[in-house]
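>>> A predicted structure for the sequence below; I have some questions about it.
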Amino acid sequence: ARVVVLASGAGSLLRSLVEAAAAPDFPADVVGVVVDRECPAESVIGATRVRPCDHADRAEWDHAITAAVAQFDPDYVVSAGFMRILGPHFLARFGGRVLNTHPALLPSFPGACAVRDALAAGVRVSGTTVHLVDEGVDTGPILAQEAVPVLVSDDESSLHERIKIVERRLLIDVVAAVAARGVIIDGRKALIPSD
Ligand code: GRF
């Protein structure tokens, strides 16, 4: 399956997905990467990459990123550390085929400060969630989750790094399974056939 990856963070998830997809037996090929700001991982990526304009006008940006992704004709889009909310035009085109990974056990701690919020809440267990993107913020049907322990000594950085280790593996496994077997939405759950 053809996959386009969206990234805008430090790029560690992007890098691990691109490296996993380079294996000949991996069921997905990363055919394009779209970043919306300097993403250091770009240097290790063979795939073509396009940096959509960072438009002030959200509708214009929505159309720009849809065109940037559509040029690769993907079967799936994977948001790997992409910190923008995808708009209605994008979801009309790719809805049901956009995966996102979030560094918390949704529905707990949605949004851009999930790790900080989990620490502030004093939880002893957090984790990571891979879900399909819908029009809300981190609200789409859940594909997979894995728990990660929170240490009393943790700060945002140490907890996030521990989550990212699990997140990288979970995202790669889910992308491979969805690429090979597809995904079915069943209410709040997204199921991979022969689950
Ligand atoms: C990941 O934890 C992702 O879930 C969150 O931002 C982080 C991105 O990490 N949205 P990186 O930029 O891939 O290192």
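Okay, I see it. Since the model is a prediction, treat every value here as computed from it, not as a measurement.
>>> For Ala67, see how far away Ala118 is.
Distance of Ala118 to Ala67, given as CB to CB, to the nearest Å: 36 Å. (Each C-beta comes from the backbone N, C-alpha and C, glycine too.)
>>> Between the two, which has more neighbouring residues?
Each of Ala118 and Ala67 has its neighbours counted (other CB atoms under 10 Å); Ala118 has more, 26 against 14.
>>> helix/strand/coil for the residue in the chain positioned nearest to the ligand?
Nearest residue of the chain to the ligand: Gly9, at 2.3 Å (CB to the nearest ligand atom). Secondary structure state of Gly9, per DSSP: H, G, I helix; E, B strand; the rest coil, is coil.
>>> Which residues of this structure lie near the ligand?
9-14, 80-81, 101-103, 164, 167 (CB under 6 Å from any ligand atom).
>>> so where is this structure shaky, pLDDT-wise?
37-55, 195 (pLDDT under 70).
>>> show me where this protein has strands.
In the chain, the strands defined using DSSP state E lie at 2-7, 29-35, 48-50, 76-79, 98-102, 125-132, 142-149, 184-186, 189-191.
>>> isn't Val148 right up against Val123?
No. In this structure, Val148 is not within contact of Val123 by CB atoms under 8 Å, at 10.3 Å.
>>> Widest-spaced pair of the residues of the chain next to the ligand?
For the residues of the chain next to the ligand, the farthest-apart pair by CB to CB is Gly11 and His102; their separation is 16.8 Å.
>>> Return the list of helices and strands in contact with the longest helix along the chain.
Secondary structure of the chain per DSSP state H: the longest helix is helix 156-181. With contacts taken as 3 or more CB pairs under 8 Å, 6 or more residues apart in numbering; DSSP states H and E, helix 156-181 sits against helix 12-21, strand 76-79, strand 98-102, helix 114-121, strand 125-132, strand 142-149.
>>> If anything else comes up later, I'll come back, but that's it for now.
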